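In: sequence? don't have it. structure:
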Ligand SMILES: NC(=O)C1=CN([C@@H]2O[C@H](COP(=O)(O)OP(=O)(O)OC[C@H]3O[C@@H](n4cnc5c(N)ncnc54)[C@H](OP(=O)(O)O)[C@@H]3O)[C@@H](O)[C@H]2O)C=CC1
Ligand SMILES: CC(=O)N[C@@H](CCC(=O)OP(=O)(O)O)C(=O)O
């Protein structure tokens, strides 16, 4: 059994990692850490874990020393030092925050308000979107798990950009997220009466996922891409739905576009390209590692609308991190992740 540990186990992502890792037959959860609950049993913090796991939260150093694979599920800016330690000890670090997602340090400091604290280890890291970087992930010991919004957007646009049949200018992305995306901490925006029965656009043109989305879309297209990205807060617990508006760069037949998307993802276990007439929705991916993509073309227009849906806690965070772990360890990518979403 491979020993795995979680630093930041008491947050929403940490709790979801625990739930999924307990279901994985080839790994053993050896240690978990917390800042404010050190010494407390996790099942007393998350009641869903009673009779499933009885483990005390320890300090981060203990997690590193007793694990082969370390998941860091911390606020941004706290993972570089841990990743360096893991690297020195020949362990794998999978960071669920944003510390390793942006290649350009100036861009990182502009959006995250600080410089890299361990710049020398950044070139050793890889952006952990398996469908894009599977081969690089296999040999990397520092994996930057992608952001939740970026995951839904990058998977939706990858075939169109790689096969170059959409205009790289003027892409408009409307994304909506459930409130677990904001983490366990309390805020007025996610307070029940504030978010219930409401849909709130926020951080228009200034969300920190914008540079990450543009970096990866540009890499896919081989040219610089700037997009319009508007996130919204939805009054649901889980899920992200992204509706993406783009223009085809010439006359394209709908059948051909479906064929390209279906072929592109036919060997991917977790990306489902829906059939003509079907629409991606949060309900069909909830609690699973799937990303559903639907394609919509208007007759006699050159517009293509792509809709993608993921569970932000699974494919957008803990599930994708486990998929990355499976790749690094040479396991079947589906190990521990074969959850079928409930029908309702
Ligand atoms: N929620 C989501 O949908 C997604 C989140 N992410 C990213 O994953 C990371 C965790 O997110 P999430 O679980 O939602 O956040 P939470 O706020 O729910 O949890 C944060 C965790 O970090 C710990 N922590 C907070 N401050 C410190 C500190 N100074 N030192 C050590 N530990 C600390 C907390 O521990 P304690 O409270 O026990 O002290 C807690 O375990 C973030 O970087 C987030 O951006 C990525 C994808 C999706
Ligand atoms: C609804 C909500 O607040 N979502 C968060 C993004 C989720 C998240 O934690 O971002 P990472 O994937 O980069 O870690 C936000 O807008 O900041």
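Out: Arrived safely, thanks for sending. On a predicted model such as this, the values are computed, not experimentally measured, just so you know. Numbers count the residues shown, from 1 in each chain. Ligands and ions are numbered 1, 2, ... in the order given.
In: quick one, what contacts the closest residue to residue 233 other than its chain neighbours?
Out: The spatial neighbour of residue 233 that comes closest, neighbours along the chain excluded (Cβ to Cβ, 6 or more residues apart in numbering), is residue 200 at 4.5 Å. Heads up, the C-betas are built off the backbone N, CA and C, glycines and all. Contact analysis of residue 200 by Cβ atoms under 8 Å, 6 or more residues apart in numbering lists 189, 232-233.
In: and with 10 Å instead?
Out: Residue 200 makes contact with 176, 189-190, 194, 231-235 under the criterion Cβ atoms under 10 Å, 6 or more residues apart in numbering.
In: Pull out the buried residues from those.
Out: 176, 190, 231, 233-234 (16 or more other Cβ atoms under 10 Å).
In: among these, which are in strands?
Out: Here DSSP state E is the test, and these give 176, 231, 233 as lying in strands.
In: Dig out what the second one forms beta bridges with.
Out: This points to residue 231. Counting by DSSP bridges, residue 231 is bridged to residue 175.
In: That one against residue 207, yeah?
Out: Yes. Checked against Cβ atoms under 10 Å, the pair residue 231 and residue 207 is within contact range at 5.4 Å.
In: Which neighbours do these two have in common?
Out: Shared contacts of residue 231 and residue 207, counting by Cβ under 10 Å, 6+ apart, come down to 149, 175.
In: Burial check on residue 140, number of neighbours?
Out: Neighbour count of residue 140, defined by other Cβ atoms under 10 Å: 21.
In: who touches it in this structure?
Out: Contacts of residue 140 (Cβ under 10 Å, 6+ apart): 92-94, 124-128, 133, 324, 327-328.
In: so which of these is the most crowded?
Out: Per-residue neighbour counts (other Cβ under 10 Å) across the contacts of residue 140 peak at residue 94, which has 31 neighbours.
In: rewinding a little: also near ligand 1: which of the contacts of residue 200, exactly?
Out: Among the contacts of residue 200, not one lies near ligand 1 by Cβ under 6 Å from any ligand atom.
In: And those residues, which is closest to ligand 1?
Out: Using Cβ to the nearest ligand atom, residue 190 comes nearest to ligand 1 of the contacts of residue 200, at 11.0 Å.
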